[in-house]
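> have a look at this prediction, sequence included:
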Amino acid sequence: MRHLTLPLTLATLLPAAALAQGFTYGERNTDYPPAFPEQTRAPLTDSGIELATETLAGGLVHPWGIANLPDGGWLVTERAGRLRHLGADGTLSEPVEGIPEVLAEKQGGLLDVALAPDFADSRTIYLTYAKPIDGKSATAAARMTLSDDLASVSDVEDIFVQEPPSETPMHYGARVLFLDDGTVAITSGEHFTDDQRLYAQDLDKTYGKVIRVNPDGTVPEGNPFVDQDGAVDTIWSYGHRNIQGAAVADDGTFWTIEHGPAGGDELNRPEAGLNYGWPVISYGKRYDGGVVGSGGAAQEGMEQPVYFWDPVIAPGGMAFHSGETFSDWNGDLLIGSLKPGGVVRLSLEDGLVTEEERLLRDIGRVRDVEIQPDGSFVILTDFENGSVIRVTPAE
């Protein structure tokens, strides 16, 4: 990749399309130059597509994760500790029984949900949650069997529990998804505090990591630290802050998105054994205005993000688009934004971001995005009175 010797200025990065759609990137928190031209502030675009929204269900308490069911409808988590079935007709079930106990404090609670690839036969689902442990908590992932009537789960078994537990109910990460090789990726956060964020660099702890396990929680072939003394053998990559979005592209590549501090949200393509820098390097700064770690955004032996935002989008879940509806967006990433809110669309080419669009900017905090078989998509709004909303082209 090409490297710049001078910072890109707002004037050189602000296309006229941004003015047309009423959005500009705004002032940066830091002046670290990007490592290559495509790494930040891609040309802003306006698809010119009018979007229609339909609320499928409301009254959900901070909904966090959503998964399509093969026969229509969805499973939806509420951070307060409830899993619900939402029917294709908008009928919202009573809470599913048998869900593990969660620590529902601050950012903790019941988090992501995913279906096993063989769900239609096995009825196996996966949940991530803040697991209470002796007055503390940890990111955990569990698999379980969903009953035929969608009313309860059984055979609940943790396949991952973060170590050590933390007294700080923040930065759990907690996306769970299947990779193309049949293994399971689980993302973890580093619990935010100055002392514990350092654990993102420690291979004997599972803070700030991408975890890769078999569906039953055992260690798969190819994990990079299996033979390294003192390292946790389920770690895939490290040096992450708080990964709350993850997706697999059509070509099988695995992507994540993580929260930065003040500036420095990152889109990454995590690879085995690599160090993504937190909290040593960052394109953001501390909330109190101080520098992060080394006071720089690059260091030998640490990976650069594919893309970063400054100011932030505060990313939630994300998904690669496919389908006839919005077909011009096929292969693009749709990313939930918690701040300033809405959905961020990224076009990618040869592994680099080529354009960015801001959608549904007035809808507020979007926690997750789920693409539907026809190419429409549903989003979760993360509020005390949150909703599941379907997005289609306006007629």
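Yep, that arrived.

> from now on I want contacts and neighbour counts done on CA atoms only, so please keep to that.
Noted.

> who's in contact with the residue nearest the centre of the chain?
By Cα atoms, centre = their mean, the mean C-alpha position of the chain lies nearest to residue 245, the distance being 0.9 Å. By Cα atoms under 8 Å, 6 or more residues apart in numbering, the contact set of residue 245 is 175, 256, 257, 258, 315, 316, 317, 318, 335.

> format these as TSV; extra columns: pLDDT.
Putting the contacts of residue 245 into TSV (pLDDT from 0 to 100) gives the following:
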residue	pLDDT
175	98
256	99
257	98
258	98
315	98
316	98
317	98
318	98
335	99
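
> quick check, nearest of these to residue 292?
residue 258 (15.7 Å; Cα to Cα).

> so for the closest residue to that closest one other than its chain neighbours, what's the pLDDT?
Take residue 258 and drop its neighbours on the chain: the residue closest to it by Cα to Cα, 6 or more residues apart in numbering is residue 243, 4.0 Å away. Looking at residue 243, its pLDDT reads 98.

> pretty sure residue 340 is touching residue 361, no?
Yes. The criterion here is Cα atoms under 8 Å, and residue 340 meets it with residue 361 at 7.5 Å.

> which of the helices or strands spans residue 353?
Element membership of residue 353, judged by DSSP states H and E, is strand 352-359.

> identify all contacting residues around that strand.
Here strand 352-359 makes contact (Cα under 8 Å, 6+ apart) with 23, 38-39, 41-47, 306-307, 342-348.

> about what we covered before: can you count the residues close to the residue nearest to residue 258?
Using other Cα atoms under 10 Å, residue 243 is surrounded by 31 other residues.

> which residues touch the helix or strand that the strand holding residue 353 is followed by?
For strand 352-359, the succeeding helix or strand toward the C-terminus, using DSSP H and E, is strand 366-371. The contact list for strand 366-371 (Cα under 8 Å, 6+ apart) reads 63-68, 315-322, 334-338, 341-343, 377-382.

> buried residues in strand 366-371?
The neighbour-count check on strand 366-371 (16 or more other Cα atoms under 10 Å) flags 366, 367, 368, 369, 370, 371 as buried.

> give me the next element, helix or strand, following it.
Counting by DSSP H and E, the next helix or strand C-terminal to strand 366-371 is strand 377-381.

> before we move on, the earlier item: tell me the SS of the residue nearest to residue 258?
strand (DSSP: H, G, I helix; E, B strand; the rest coil).

> mind checking how far it is from residue 80?
Here residue 243 is placed at a distance of 20 Å from residue 80 (Cα to Cα, to the nearest Å).
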